[in-house]
Structures are given as structure tokens and as C-alpha cells.
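Participant: Give me the fold of what follows.
(chains A and B)
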Amino acid sequence: MRLSKSIATALLALAAAAAAARAPDPNLARDLAATCTTCHGTNGVSQGGTANLAGMNRDAMIRTMQDFKSGTRPATIMHQLAKGYTDEQIALIAGWFATQKAAR
Amino acid sequence: MTRRGKAASTPMQRRVFLKLATGCGAAATVALQGCATAGGRSSASSGKVVVIGGGYGGATAAKYIRMWSDGGIDVMLVEPNPAFVSCPMSNLVVGGSRDLAFLTVGYDNLPQRHGVKMIHDTATAVDVDKRTVRLASGGLLDYDRLILSPGIDFMWDQVAGLDNADAQATILHAWKAGPQTTALRRQLEAMPDGGVYALSIPVAPFRCPPGPYERACQVAWYFKRAKPKSKVLILDGNGDVTSKAALFRTAWAGEYKGIVEYRANHVLADVDAATRTAKFDVQDDVRADVLNVVPPQRAGAIARSAGVVTANDRWCDVDFRTFESVKVKNVHVLGDAIQVAPGMPKSGHMANQHAKVCAAAVVALLSGQPPNPAPVLANTCYSMVTDKDSIHVCSIHQWDTDKKTVLPVPGSGGLSSAMSELEGTYAFAWARNIWADTLA
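Facilitator: Next up is the predicted model:
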């Protein structure tokens, strides 16, 4: 079955409105990202020895975290930490770091 | 970095002085430097926050409240020590592969980059009704919200024979990094080869669950190279190794075979400091050449003054969405001093994470917004087994709406599969990054 374009658009708008209603805290992504920055540096600017997350491409970060989660990407510790976050949380975290100024 | 020259002022004068300084009009004063980012920015958040304790919890909270309020909230950080000395990694100083300078980080960036007002003084009392903090120098600070990150005090009354300064000068704890760390190192250096180093561990909970076992490894690392006939004797008040047990036991049976001996169920009752003898409830006495006692612990004394010690007369219960005391309004507690949630360790990393949840909540509350209803916290803890090899334990803790606490996520977190040099490099990277995230 194919939805007409206008119905699809309406459904997307509804979904967006529902998501907005469920996310009353504008700082949720910032607060989630702050769980990473103890090791990866304030705002994702690493002091060395861990990945720089500031300015990282959002999709690349989501893919990396999902690969840690599934175990396809080997790690000493990130495969264990990635499993603690929902897919929605990973997307929020990746979106937040993507907007941060990259390290010089 | 002290508040010399103001000693003659009365408490009332001091309070007025501090109120003036809060408005950044007194930029020339030594103690209240800062305000670098305070001026000129508009922000929905405003108010006054006093943070007591400049460790992993307090320093992080001070920095993040300034950052996340865009400089709108005034933050005063009360800390007696002139510089931060890290407990994590301090066992490397005991083992001799690093020195105290490696663990030491200045407080300068907090005022210079973030406008935190550093007050190098000791908080002696809190009046939660008047919302004021009394300082040892006589000063008085007022607050809208108070954040206590007082760390631990030792319960000397629990160990007969250690309740006096003379005994405490001989039988060291080295469980707060600083002079005790180097003093314990000197005792080990002075010990003849063939001697016994004995480490007494209290019944859990205590600061840094894997810390004692890491210390045993670091002392064994030193003995193996410099004093190969010597022994490390672990006298654990608990029934088993309380953290990373299999990994530590592997090291003691392999890398440190013949050096480390582990004895469970040794609850320390009494110490004869003169003969360095440890006495137990049930087990035989142990006489050591170097006796190192980690005493039982409770929240730092200022928590008692604020009336927030609610669990077993030792720890502070908090609401994990805000870290506000469950008992006293407008008073938040962070770090080792809290009554932990299930599966939550008393670690420096955890204190840094407590501080961020608390900072977000305080900024929200002071701007009339609801705090994040579903906080998440992470913990990562490396233990150095040699000077280069490390092992970790990690966990993610999410808010549980039904149980109204934060709980480890099932299936997440875990331990190293084995010690490795790669994880050793990550441990040092961890240290660099958390020190900067907390203090820079």
C-alpha cells in the first residue's frame, strides 16, 4: 500500500508534534552528552587519548555507537558503555556533539 | 591564595564585603578573583550558589553551573587546600612510578575561565534556615542553593588505638591524597627487604571500592623490583574482594605470585601503633613493618552541621534527579558523602557525574524551570595493576520512574577481559580528561 504524499506529510507532522510534547526539556541532549565528557573532554574537546567528539558528524557517531552496541566494532570499554543508552539517546547525543565547535 | 589581611573584620562586615564582592566590584581582592565571564551576558538564570568542597564533585558543579547559566549564577567555591590533589592515580605515587606533582592540579582556571569565586577557607557551620555558611576565618556566605561535596571523614572512634594524633602520625591511611600519600611512600622506602606491608580495608561502603586492591598491586610492583623478599598482606574486613575480584586475584596469582597474600573477614578492632600491630574481632593479631589502615568512613563533618546525614548516621540521602537532600530544602550533596543508589560506586568519576546532574538541576530550578526528569550517569574506573597495565569496571545508570532511583542498565557495563597496556594508556587519558573536565 502506498500513502499519498499529503497523508505522509501530515503523519510526519503529527509524529514531530508528539515528539515535541514528549521532550519538554530543551537541555536533554546536552545533559546526556555530559555523561560522555568526563573521558572525552568538556563539550567533547578531548585532552588527548580519547576520541574528539566535538564537531563529529552526527550520522558517523550514531553508526559508531551502534557498531559498539552490536559488537561489530571491537573495543576495550565502549562496547559495554554503548549498551547503556537507548537508540533515541544515542541520536540526541550525536546531534548535540555535531553542533559543538571542533578542537583546533 | 588565602584571605589574609581581613582577619580583623567582624562577621557582619565580612558578610557585607562578600556581598559587594559578589557583584564583581572588588576585583582586586585576592580570594574573590574571577568574574571573567560574568559581565554583560543576559541569562534567564540568576542567584547565588555556594559550593563546599573543591574535589571531583564540587569543582565540577561550580564550573558547570557557571557554564550552563551563561555566567548568570554567582558561584562561590569554598576549599581549604591551595590545589587539587587527585586520589585516583595516587596509588602510583605509593608504588613509586609517579610523584605527587603528577596528581596536583591548580584551581586557577575555575576563576579565570569560568568566573567561579574561589574562597580558600574551611566551612565550619551551615544555618539552613537563614541559608548561610560560616567560614573558619569568621566570614559568612549566604546562598540560594548550597552544594555540599565534603568527601569523607574517618571514624577514628571505630578503631581503638587510632583515636589520637600520635598514632595517626605513625599508622597512615593515605586515603586522602596529599602529604599522607608521600609519607606512606617514605615508610615503604625505609622498610628493609624481607619486611611485611599490611593493608587493613574497612567493611564496605568506603571511598573507591577497588582502591585498596590497586594499592596492594602497586606496593607489590615496587617490592618485586626493589625488595623481592618482602610481602604485601591484605587484611580485608569484607568476605571477599569487593571490586574487580577475578582480575585482581589473577594479578596476585601471576604477576605478584609469592608477594601478595589476601585474607578475608579481618574486621579491624584495635591497633597498637608502637608495635604496628593490627588486632581483629576474631582473627589472630598481625604485626607489620609498615601498617596502613584505611579506617571506616562517613560523610564530611559539614554535612552533619547542615542536617543532611540521614543514612546510618553516616551518609546523605538525595533525590537523584537533583541531588537535593531528601531532608533539607535547597541543600544538595555530591560525591562520596551520599548514600549511593544500587550498584553506584563511591568514585571520583561518579562524583563528576553527580555534579553535572546537580548543576543542570540547579540552573533549571534557579530559572524557574523543572529539572531533567530522567537523569543518566556513567561510571568508568581504571585500576593500575603495574606502572603501565590497567583494568576497568564501568556502568551506565538510568532513572527508574517506578523505583524513583537510578539503576544500572541491564546488559550494559562490565569489566576488562584481562589487564593490558592499552587500557593503561586509556587510564592515563582518563586522568588527563577528568582533571580538565573538573578543573579547567
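Participant: Can you point out the buried residues in stretch B:279-289?
Facilitator: B:Lys279, B:Phe280, B:Gln283, B:Val286, B:Ala288, B:Asp289 (16 or more other C-beta atoms under 10 Å in any protein chain shown). Every residue, glycine included, has its C-beta placed from N, CA and C.
Participant: Serialize the residues you listed to CSV and add fields for pLDDT, distance to B:Arg186 and secondary structure.
Facilitator: Below are those laid out as CSV (pLDDT from 0 to 100; distance: C-beta to C-beta, whole Å; DSSP: H, G, I helix; E, B strand; the rest coil):
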residue, pLDDT, distance to B:Arg186, secondary structure
B:Lys279, 98, 25, strand
B:Phe280, 96, 27, strand
B:Gln283, 93, 29, coil
B:Val286, 98, 22, strand
B:Ala288, 98, 16, coil
B:Asp289, 98, 13, coil
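Participant: Specify which member of those residues is nearest to chain A.
Facilitator: Comparing the buried residues of stretch B:279-289 against chain A with C-beta to the nearest C-beta places B:Ala288 closest, at 36.0 Å.
Participant: Pretty sure that closest one sits against B:Met191.
Facilitator: No - B:Ala288 is beyond contact range of B:Met191, at 9.4 Å (criterion: C-beta atoms under 8 Å).
Participant: Now for the two: what residues contact both?
Facilitator: B:Tyr197 (C-beta atoms under 8 Å, 6 or more residues apart in numbering or on different chains).
Participant: Phi, psi for B:Pro410 please.
Facilitator: With angles defined as degrees, to the nearest 10, B:Pro410 sits at phi -60, psi 140.
Participant: Next one: it from B:Pro179, what distance?
Facilitator: 43 Å (C-beta to C-beta, to the nearest Å).
Participant: Between those two, which has more neighbouring residues?
Facilitator: Just comparing B:Pro410 and B:Pro179: by other C-beta atoms under 10 Å in any protein chain shown the higher neighbour count belongs to B:Pro179, 12 against 8.
Participant: Can you give me the end-to-end span of stretch B:325-343?
Facilitator: 20 Å (C-alpha to C-alpha, to the nearest Å).
Participant: next one: stretch B:240-248
Facilitator: 11 Å.
Participant: Stretch B:283-301 too?
Facilitator: End-to-end for stretch B:283-301, by C-alpha to C-alpha: 32 Å.
Participant: would you turn the buried residues of stretch B:279-289 into CSV with distance to chain A?
Facilitator: Shown next, in CSV, are these (distance: C-beta to the nearest C-beta, whole Å):
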residue, distance to chain A
B:Lys279, 41
B:Phe280, 37
B:Gln283, 37
B:Val286, 37
B:Ala288, 36
B:Asp289, 37
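Participant: Tell me where chain A has helices.
Facilitator: Along chain A, counting by DSSP state H, helices occupy A:5-22, A:28-33, A:37-40, A:58-70, A:78-82, A:87-98.
Participant: So which residues make contact with the third one?
Facilitator: Surrounding helix A:37-40, the residues in contact under the criterion C-beta under 8 Å, 6+ apart are A:43-44, A:46, A:50-53, B:349, B:352-353, B:378, B:380, B:429-430, B:433-434, B:437.
Participant: Show the buried residues in these.
Facilitator: A:43-44, A:46, A:50, A:52-53, B:349, B:352-353, B:378, B:380, B:429-430, B:433-434, B:437.
Participant: taking those one by one, which sit in strands?
Facilitator: Among these, the members found in strands (DSSP state E) are B:Ala378, B:Thr380.
Participant: how close does the residue of the stretch 201-350 of chain B found nearest chain A get to B:Pro408?
Facilitator: As assessed by C-beta to the nearest C-beta, chain A sits closest to B:His349 within the stretch 201-350 of chain B, at 5.9 Å. Distance of B:His349 to B:Pro408, computed by C-beta to C-beta: 14 Å.
Participant: likewise A:Leu92?
Facilitator: Distance of A:Leu92 to B:Pro408, computed by C-beta to C-beta: 21 Å.
Participant: Just the C-alpha atoms of stretch B:261-272, please, in PDB.
Facilitator: Taking C-alpha atoms only, stretch B:261-272 is exported to PDB below (Å, rounded to 0.1, in the frame of the first residue of the first chain):
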ATOM      1  CA  GLU B 261      48.600 -12.700  50.400                       C
ATOM      2  CA  TYR B 262      44.900 -12.000  50.700                       C
ATOM      3  CA  ARG B 263      43.000 -12.600  54.000                       C
ATOM      4  CA  ALA B 264      39.200 -12.100  54.100                       C
ATOM      5  CA  ASN B 265      37.000 -11.300  57.100                       C
ATOM      6  CA  HIS B 266      39.500  -9.300  59.000                       C
ATOM      7  CA  VAL B 267      37.500  -6.600  60.700                       C
ATOM      8  CA  LEU B 268      39.900  -4.300  62.400                       C
ATOM      9  CA  ALA B 269      39.100  -3.700  66.100                       C
ATOM     10  CA  ASP B 270      42.300  -2.200  67.600                       C
ATOM     11  CA  VAL B 271      45.800  -1.000  66.700                       C
ATOM     12  CA  ASP B 272      48.900  -0.900  68.800                       C
END
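Participant: So which residues make contact with that stretch?
Facilitator: B:159-162, B:167, B:171, B:200, B:202-203, B:231-241, B:249, B:252, B:277-283, B:286, B:291, B:293.
Participant: Keep only those of those that are in strands.
Facilitator: B:200, B:231-236, B:277-280, B:286, B:291, B:293.
Participant: TSV for these, including distance to B:Asp127?
Facilitator: Formatted as TSV, the ones in strands among the contacts of stretch B:261-272 follow (distance: C-beta to C-beta, whole Å):
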residue	distance to B:Asp127
B:Ser200	38
B:Lys231	52
B:Val232	47
B:Leu233	47
B:Ile234	44
B:Leu235	42
B:Asp236	41
B:Thr277	45
B:Ala278	42
B:Lys279	42
B:Phe280	43
B:Val286	46
B:Leu291	41
B:Val293	35
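Participant: Would you mind listing where the chain has pLDDT under the threshold?
Facilitator: Assuming you mean chain A. A:1-24, A:104 (pLDDT under 70).
Participant: Wait, chain B was what I had in mind.
Facilitator: Checking chain B against pLDDT under 70 turns up B:1-43.
Participant: what residue is smack in the middle of it?
Facilitator: Of all residues in chain B, the one closest to the mean position by C-alpha atoms, centre = their mean is B:Gly151, 5.0 Å from it.
Participant: which ones are touching that residue?
Facilitator: So B:Gly151 contacts B:Gly53, B:Gly55, B:Lys176, B:Arg207, B:Gly300, B:Gly335, B:Asp336, B:Ala337 (C-beta under 8 Å, 6+ apart).
Participant: Could you rerun that using 6 Å?
Facilitator: Residues counted as contacts of B:Gly151 (C-beta atoms under 6 Å, 6 or more residues apart in numbering or on different chains) are B:Gly55, B:Gly300, B:Asp336.
Participant: Next, find the distance separating the first one from chain A.
Facilitator: To tie it back to what came earlier, the one meant is B:Gly55. 14 Å (C-beta to the nearest C-beta, to the nearest Å).
Participant: circling back: give me the buried subset of the contacts of stretch B:261-272.
Facilitator: Among those, the ones that count as buried (16+ other C-beta under 10 Å) are B:159, B:161-162, B:167, B:171, B:200, B:202, B:231-238, B:241, B:252, B:277-280, B:283, B:286, B:291, B:293.
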